[in-house]
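> Below are the sequence and a predicted model for it; my questions follow.
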Amino acid sequence: MTNCKLCKSGNVRHLNDIEDISYKGNILAVSMEYSVCDDCQREFVSKQQILNNDARVRDAKKKADGLLTSSEIHEARITLGLTQESASLVFGGGKNAFSKYERAEVSQSVAMDKLIRICLKHSNVFNELLDNAGLPVRKDRFYEDSVIQYKKLTAANQERFKSVKSIQLMKDECYA
């Protein structure tokens, strides 16, 4: 609980308000935290609220730039079955990179963002990165690895149709 620094009262309300922020020619509406002392009516922002507000602004900017937000990076890491430490080994960026990305303390690069998205879609790329990092390859996590190949079948009435060797022949047969 936060106390008012002016009157030392513990009777403090924590509030949120939407603030418009200009970013690259666009206006971003961001929910910002602040506090109000009910005894002396002083309005202030605590240290934790400043950190939370900075993270919200950073996420709004990432979203405007088409990058994954901190919660989306967290979801992607969980979907890929990685810890923060193993994600740093697989994708690079340093030992604590994913911890900082997920707390919106720093923004990931465009290249890092693209690599995460590609690994979510293409298990072969992800498996190669796992192998390069010295981690076990996981084939059970992706749909494309579970696809059953069926024998090539022919249509029941296939003998009724002629195969055409070129487009010119097909035009001749259609208009003859």
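It's in.
> CA atoms for contacts and neighbours, from now on please.
Fine.
> What is the distance between the lengthiest helix in the chain and the centre of its chain?
In the chain, with assignment by DSSP state H, the single longest helix is helix 47-64. Mean-position distance between helix 47-64 and its chain equals 16 Å (CA atoms, centre = their mean, to the nearest Å).
> Which SSE is immediately downstream of that helix?
helix 70-79 (DSSP states H and E).
> ok, and what's touching the helix or strand just after that next one?
Per DSSP H and E, the first helix or strand lying C-terminal to helix 70-79 is helix 84-91. Helix 84-91 is contacted by residues 77, 94-99, 112, 115-116, 129-130, 132-133 when judged by CA atoms under 8 Å, 6 or more residues apart in numbering.
> re the thing from before, and the longest helix of the chain, what does it pack against?
Judged by 3 or more CA pairs under 8 Å, 6 or more residues apart in numbering; DSSP states H and E, the packing partners of helix 47-64 are strand 26-37.
> Now find how far off-centre the strand it packs on is within its chain.
Worked out by CA atoms, centre = their mean, strand 26-37 lies 23 Å from the chain centre.
> what angle do that strand and helix 47-64 make?
Orientation check (axes from the mean of the first three to the mean of the last three CA atoms, to 10 degrees): strand 26-37 against helix 47-64 gives 170 degrees.
> Verify the stated contact: residue 14 with residue 34.
Yes - using CA atoms under 8 Å, residue 14 is in contact with residue 34, at 5.9 Å.
> tell me the domain ranges of this protein?
Domain segmentation of the chain under automatic domain parsing yields 1-66, 67-148.
> ok, of the ones you listed, where does mean pLDDT dip lowest?
Comparing mean pLDDT across the domains of the chain, the lowest value falls on domain 67-148: a mean of 89.
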